[in-house]
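Engineer: Mind looking at a prediction? Sequence and model below.
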Amino acid sequence: MSAVAERYRKVLREIADAADVAGRDPADIRLVAVTKTVGITEVTQAVAAGMHEFGENRAQEFVGKRALFPDEIWHFIGTLQSNKVKQVVGKAALIHSIDSLGLLVEVDRRAREAELVQPVLLEVNVSGERTKHGMTYDEAEDAVRRACALPGVSVRGLMTMAPLGRPEAARRVFRECSHWMGRLQSLHCDAVDLTELSMGMSNDFPVAIEEGATIVRVGRALFGR
């Protein structure tokens, strides 16, 4: 068994344990293996171990790895520049990082040109850290309302990142993000179905699951340092 496969088994156990604490079904939580800086050998080992959903941070890496592993599900999880949108739209199963209304509009434009609907998440900055990308609550509410009239995008939920190194600080952020999700769901926009919460990485994904994450983005815990 490869080291990647052993780590995968450990992460699955941690997901199951966190789900049990929260009274949730582990099957309701999707694991996205983050392949940033990860080589082709490790991705091959991950596929052999049973992983089938992967996330990339950069458009060029996303396009290249997706081409090498076309049967797997690829997410785009990094900062997306407007001039890179065309490379990602229609190829990503889910874009996690829509951090502004302008980017949402650009993804909609490119998707309509390609005659498709692109699933996306709104990236929100719940912690308020200046070093993090993402919308405020008011900006996210505006984006949801605008998305009702954008036929090229399907807003599926929210993504956030918590402060590093402090599990309880992370818990507060994840809990608040879940609260934001509930408030946005109450808008009852027929064209927007908010069901996904992408939150939690290698250092804090069990806490994220306890607070309602439906997608966790894990790299180091699977592939090592």
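Structural biologist: Structure received.
Engineer: Which residue ranges of this structure form helices?
Structural biologist: 3-22, 40-49, 59-68, 85-88, 101-113, 137-147, 167-185, 205-210, 220-223 (DSSP state H).
Engineer: Quick one: mean pLDDT over the last one.
Structural biologist: Model confidence over helix 220-223 averages 97 on the pLDDT scale.
Engineer: Which neighbouring elements make contact with it?
Structural biologist: Here helix 220-223 touches helix 3-22, strand 30-34, helix 40-49, going by 3 or more CB pairs under 8 Å, 6 or more residues apart in numbering; DSSP states H and E. Quick note: C-beta positions are derived from backbone N, CA and C, even for glycine.
Engineer: Check which helices and strands the last one is in contact with.
Structural biologist: Secondary-structure packing of helix 40-49 (3+ CB pairs under 8 Å, 6+ apart): helix 3-22, helix 59-68, helix 220-223.
Engineer: Kindly recompute the last result at 6 Å.
Structural biologist: helix 3-22 (3 or more CB pairs under 6 Å, 6 or more residues apart in numbering; DSSP states H and E).
Engineer: Give the buried residues for the helix it packs on.
Structural biologist: 4-5, 7-8, 11, 14-16, 18-19 (16 or more other CB atoms under 10 Å).
Engineer: Please identify which of those residues is nearest to Glu139.
Structural biologist: Ala18 (29.9 Å; CB to CB).
Engineer: C-alpha coordinates for stretch 196-207, PDB please?
Structural biologist: Extracted C-alpha coordinates of stretch 196-207, given in PDB (Å, rounded to 0.1, in the frame of the first residue of the first chain):
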ATOM      1  CA  GLU A 196     -22.800  23.100  -0.400                       C
ATOM      2  CA  LEU A 197     -20.500  24.400   2.200                       C
ATOM      3  CA  SER A 198     -16.800  24.000   1.200                       C
ATOM      4  CA  MET A 199     -14.800  24.600   4.300                       C
ATOM      5  CA  GLY A 200     -12.000  22.800   6.100                       C
ATOM      6  CA  MET A 201      -8.500  21.800   5.100                       C
ATOM      7  CA  SER A 202      -5.800  19.500   6.400                       C
ATOM      8  CA  ASN A 203      -5.500  21.200   9.800                       C
ATOM      9  CA  ASP A 204      -9.100  21.800  10.600                       C
ATOM     10  CA  PHE A 205     -11.400  19.600   8.400                       C
ATOM     11  CA  PRO A 206     -12.900  17.600  11.400                       C
ATOM     12  CA  VAL A 207     -14.000  20.900  13.000                       C
END
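Engineer: residues in contact with that stretch?
Structural biologist: 14, 18, 96, 121, 156-160, 162, 167, 170-171, 174, 177, 181, 208, 212-218, 220-221 (CB atoms under 6 Å, 6 or more residues apart in numbering).
Engineer: how much space between Glu210 and Gln60?
Structural biologist: From Glu210 across to Gln60, the span is 35 Å (CB to CB, to the nearest Å).
Engineer: what about the two, which has more around it?
Structural biologist: Between Glu210 and Gln60, counted using other CB atoms under 10 Å, the more crowded position is Glu210 (20 against 10).
Engineer: ok, now how distant is that one from Gly134?
Structural biologist: Distance from Glu210 to Gly134, counting by CB to CB: 22 Å.
Engineer: Many thanks, we can stop here.
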